[in-house]
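> pasting a predicted model and its sequence here:
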Amino acid sequence: MSTESNALAFSTVFLSKNSPNDDRITQLANWGKRFYSSGLVKGIEGNLSFRTRLGFIVSGTSIALDALTPETVVEVTGVVYGLNKTSVYVKGQVIPSREVILHSQIYEYCNDINAIFHVHDPSIMNKAEKLGIPVTVSEQEAGSQALAQEAVNLLKINKNVKYFVLKNHGVIALGATMDEAGKAIEEAGRGLKS
């Protein structure tokens, strides 16, 4: 795993402390529970998001994926990159996932992507190149702008990629729907076992 600092690379600006109101949060929570029960994530690993009309809903930082509720996710309505620190504008009660910049940059680059699922699947990460799964060029600090840029660079080179590995960090699945992203993660895991 990459080195992680405890400091977040962004400041959270709460526009409202009201929890997001979107029926699809239940579907997001169901995927989190599936990943957790199958062992794809442990503890507070991983983060999930889906696109909304105003931005995207993402799991909160330090929230286990089997505990997702309207109170443990936020709707990100804007990301402003400053000289010293990025500001993330949210509606909700928790700080967004430390990978919020990664989610934001991918949504900004990929207009056809409506769901981003990020898990830490060591079996895929260790065998990615052998399996022909694209891997980002260099390892970057979790939550950093550099990590997000590595992901976008990979997507610029591999325009049709919907599943890839962040070097020494984790797996990313992209989908037009949450089901598409979730099934990509599950199928990759099953493919290793067969």
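It's in. If you're wondering where the values come from, they're calculated on a predicted model, not measured in any experiment.
> helix, strand, or coil at the residue nearest to Ala188 when sequence neighbours are not counted?
Leaving aside its sequence neighbours, Ala188 sits nearest to Ile124 (CB to CB, 6 or more residues apart in numbering; 5.5 Å). All C-beta atoms are positioned from the backbone trio N, CA, C, and that covers glycine. When classified by DSSP: H, G, I helix; E, B strand; the rest coil, Ile124 comes out as helix.
> check the one 5 residues further on too.
Each residue gets one of three states, and Glu129 gets helix by three-state DSSP.
> relative to Glu186, how far out is Val76?
26 Å (CB to CB, to the nearest Å).
> so the two - more neighbours on which side?
Between Val76 and Glu186, counting by other CB atoms under 10 Å, Val76 is the more crowded of the two (26 against 15).
> now the more buried one: which helix or strand?
Using DSSP states H and E, Val76 sits in strand 73-80.
> what's next to that strand, contact-wise?
Residues outside strand 73-80 that contact it (CB atoms under 8 Å, 6 or more residues apart in numbering): 10, 15, 19-20, 22, 25, 28, 52, 54-60, 63, 86-96, 100-101, 103-104.
> so where's this structure shaky on pLDDT?
Along the chain, the parts satisfying pLDDT under 70 run over 1-6, 190-194.
> Ala188 reaches Tyr163, doesn't it?
Yes: counting by CB atoms under 8 Å, Tyr163 is a contact partner of Ala188 at 6.3 Å.
> intersection of neighbour lists for those two?
Joint contacts of Ala188 and Tyr163 (CB under 8 Å, 6+ apart) are Ile133, Val171, Ala173.
> pull the residues that contact stretch 144-154.
Stretch 144-154 is contacted by residues 9, 81, 86, 99, 101-102, 104-106, 109, 134-138, 140-141, 161, 164, 166-167, 169, 172 when judged by CB under 8 Å, 6+ apart.
> mind giving me the ChimeraX command for buried ones among those residues?
Buried residues within the contacts of stretch 144-154, by 16 or more other CB atoms under 10 Å, are selected in ChimeraX with:
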select :9,86,99,101,102,104,105,106,135,136,140,164,166,167,169,172
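> no further questions, thank you.
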